[in-house]
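[1] sharing a sequence plus its predicted fold:
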Amino acid sequence: MGGAPMKAADLRALPRPVAAVVGGGGVLGATHVGVGYALERHGFVPDMIIGTSVGALTGAIAAAHPDRAAAWLDEVWSRLSRRKVFPLGLPSARAGLFTDRGLRRLIAGAELPSRIEELPVPFTAVAMDLDTGAQALLDHGDLESALLASSAIPGVLPPVPRDGRTLIDGGVVAYVPVRAAWEAGAASVVVLSTGRESGAVRPMIPRRGAGAIAARAGLLLLHHQIERDLHDVSRHIPTVVLPTGVAEWPAPWDFGQSQRLISTASRTAGRFLDGLRVSGPGLYRADDPANTPAGPGGTAHSLVSGAVQ
């Protein structure tokens, strides 16, 4: 890109092809819907969609219904509940605490084609090969098994056999799959992340309980993975990370707060896009002292005015 910043409302000026990268987050994936509303208001249409975990599910639905993706996803999320998404498994189902019946019903009701190649917008679901630990990029073939594999949270949902491999949740290896988008040929990326893991992790002394310590360690692990990938990719191409503005997070199984997450993310991402200025490769995200966007050589880019992290 040239040296002059683009107009904030014209995301279509981003270098093509531009990828929408949709990260993981479980119930927090409702924020993707709100961010999607903001992107649609600003005229954004991706050339490809790369999703992992819940981002694969919402990304595939968006790829199937590009003319009204946010409204379609809003309707889907408004019907979700823990019982529908995570029905308890039979005692013999030792591969996961829950069965994947709920996800299969969700996929069946989303009016998706049977094969990935039939989606109107090119789409890739990211999973992980449980045998080798390698990233698995699922961009062709059966769509249902690709989405089940990308969403197979270890220990929670059963692994998925596909093409001779055993696959699990892509968030283990690429929680925000920007690297996969860049390797697929994207010249710029717009990132829809749930926010908590990709924002600044504030210092704290964790509670002494085993659960709290494990949760803190998991958060830090995800944060370091996301930051590494964002900074690596942003050295080469413009990388725009949209904020959600969500400060109060629901419990992992609480789908009852989806509308709050959607509306908050829609307002926050919209304000961010109103002030966005991009001038070449770099990391562009909400103004947080701990999240200074560094371009090549560590040079900071200007941030949006009034953006909320």
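    Perfect, I can see it now.

[2] distance of residue 95 relative to residue 130?
    Counting by C-beta to C-beta, to the nearest Å, the gap from residue 95 to residue 130 is 11 Å. Placement of C-beta: from N, CA and C, glycine included.

[3] quick check: buried residues in the longest helix along the chain?
    Looking across the chain with DSSP state H, the single longest helix is helix 210-234. By neighbour count with 16 or more other C-beta atoms under 10 Å, helix 210-234 contains the buried residues 222, 223, 225, 226, 227, 229, 230, 231, 233, 234.

[4] thinking again about what came up before, mutual contacts of residue 95 and residue 130, please.
    Contact criterion C-beta atoms under 8 Å, 6 or more residues apart in numbering; residues shared by residue 95 and residue 130: residue 159.

[5] helix/strand/coil for residue 20?
    Three-state assignment for residue 20 (DSSP: H, G, I helix; E, B strand; the rest coil): strand.

[6] just the one 10 residues further on next, same as before
    Each residue gets one of three states, and residue 30 gets helix by three-state DSSP.

[7] wait, what's in contact with it?
    Residue 30 is in contact with 77, 255, 257, 258, 259, 261, 262, 265, counting by C-beta under 8 Å, 6+ apart.

[8] mind doing that once more with 10 Å?
    54, 58, 73-74, 76-78, 80, 194, 244, 246, 250, 255, 257-265 (C-beta atoms under 10 Å, 6 or more residues apart in numbering).

[9] and for residue 63?
    Residue 63 sits next to 20, 22, 46, 48-49, 51, 69, 112-113, 116, 119-124, 143 when contact means C-beta under 10 Å, 6+ apart.

[10] and the pLDDT for it?
    Residue 63 is assigned a predicted lDDT (pLDDT) of 96.

[11] how much space between the residue lying closest to residue 48 once chain neighbours are set aside and residue 74?
    Excluding the flanking residues, the one nearest residue 48 by C-beta to C-beta, 6 or more residues apart in numbering is residue 122, at 4.4 Å. Distance, residue 122 to residue 74, using C-beta to C-beta: 23 Å.

[12] repeat that for residue 145.
    Plainly put, residue 145 is 26 Å away from residue 74 if you go by C-beta to C-beta.

[13] same check, this time on residue 49
    Distance of residue 49 to residue 74, computed by C-beta to C-beta: 17 Å.

[14] so for the two, which residue has more residues nearby?
    Between residue 49 and residue 74, counted using other C-beta atoms under 10 Å, residue 49 has the larger neighbour count: 27 against 19.

[15] Three-state assignment for the more buried one, please.
    Assignment for residue 49 (three-state DSSP): strand.

[16] that one contacts residue 65, doesn't it?
    No: the criterion here is C-beta atoms under 10 Å, and residue 49 misses it with residue 65 at 11.7 Å.

[17] hmm, residue 31 is touching residue 266, no?
    Yes: look at residue 31 against residue 266 with C-beta under 10 Å: they come within range, at 9.0 Å.

[18] between the two, which contacts overlap?
    Overlap of the contact sets of residue 31 and residue 266 (by C-beta under 10 Å, 6+ apart) consists of 244, 245.

[19] which of these two has more residues huddled nearby?
    Using other C-beta under 10 Å, the more surrounded residue of residue 31 and residue 266 is residue 31, with 30 against 24.

[20] dump the residue contacts of the more buried one.
    Applying C-beta under 10 Å, 6+ apart to residue 31 gives the contacts 23, 25, 192-196, 242-246, 258, 260-262, 264-266, 268-269.

[21] quick one: residue 111 and residue 72 touch, right?
    Yes: in this structure, residue 111 is within contact of residue 72 by C-beta under 10 Å, at 8.6 Å.

[22] could you point out the longest strand in this protein?
    Using DSSP state E, we find that the single longest strand of the chain is strand 123-129.

[23] which strands and helices lie in contact with it?
    Packing partners of strand 123-129 (3 or more C-beta pairs under 10 Å, 6 or more residues apart in numbering; DSSP states H and E): strand 18-22, strand 48-52, helix 54-64, strand 135-138, helix 143-150, strand 160-162, strand 165-169, helix 178-183.
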